[in-house]
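1. need a structure here:
(one chain, ligands or ions: 1)
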Amino acid sequence: MNAVLHIPAERLPARGGRSLIHHEQGLILLLDIDGELHAIGDSCPHAGASLFSGRLDGRWLQCPAHGLRFDVATGCPAGIKGFGLRRHGISWIAGECHVVIADEEVSA
Ligand code: FES
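-> Alright, predicted model coming up:
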């Protein structure tokens with residue numbers, strides 16, 4: 001069953017920014033890319049490194065540990081199949097942000 005996490009307005013990233021949200025099951029990295037909010041697990045699917053400090057190039061986030069690049073919008077890594085980022089849905093209810101924490105990884 002999915003969990004829903006309310007994100008207080010003060011924890012939302014500014015345009016082009018990022019924020020890290022702690023919750024019972026781990027960490028969620030929120031990224032604002034060109035005004036669109038994305039929510040991913042803050043753990044690289046390769047070896048678990050934090051992605052928070054990864055370099056962004058458009059929608060591509062580069063893991064700071066070993067350099068794999070992931071399309072934040074799809075979770076897919078560049079040129080590799082079979083695994084990907086753990087992505088979470090975002091729902092806006094009465095102007096408030098909620099992250100829907102998926103039970104399983106969403107991979108390509
Ligand atoms: S832990 Fe991210 S590329 Fe290795």
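
2. who's in contact with the residue sitting furthest away from the middle of the chain?
-> Checked against the mean C-alpha position of the chain, the extreme residue using CA atoms, centre = their mean is residue 94, at a distance of 22.4 Å. Applying CB atoms under 8 Å, 6 or more residues apart in numbering, one finds that residue 94 lies in contact with no residue. Just so you know, the C-beta spots here come from the backbone N, C-alpha and C atoms, and that holds for glycine as well.

3. give me the secondary structure label for the spatially most central residue of the chain.
-> With distances taken as CA atoms, centre = their mean, the residue of the chain nearest its centroid is residue 40 (1.8 Å). At residue 40, secondary structure determined by DSSP: H, G, I helix; E, B strand; the rest coil is strand.

4. before we move on, what's the pLDDT of it?
-> Looking at residue 40, its pLDDT stands at 97.

5. run through the bridge partners of it.
-> When assigned by DSSP bridges, residue 40 has beta-bridge partners residue 29, residue 87.

6. my guess is it meets residue 75, correct?
-> Yes: between residue 40 and residue 75 there is a contact under CB atoms under 8 Å: 7.2 Å.

7. any shared contact partners between those two?
-> Listed as contacting both residue 40 and residue 75 by CB under 8 Å, 6+ apart are 85-87.

8. remind me which residues of the chain are low pLDDT?
-> 104-108 (pLDDT under 70).

9. list, one by one, the residues from it near the ligand.
-> Within reach of the ligand by CB under 6 Å from any ligand atom, the chain has these residues: 44, 46-47, 49, 63, 65-66, 68.

10. one more time with 8 Å, if that's ok
-> Within the chain, the positions near the ligand by CB under 8 Å from any ligand atom are 44-49, 51, 63-68.
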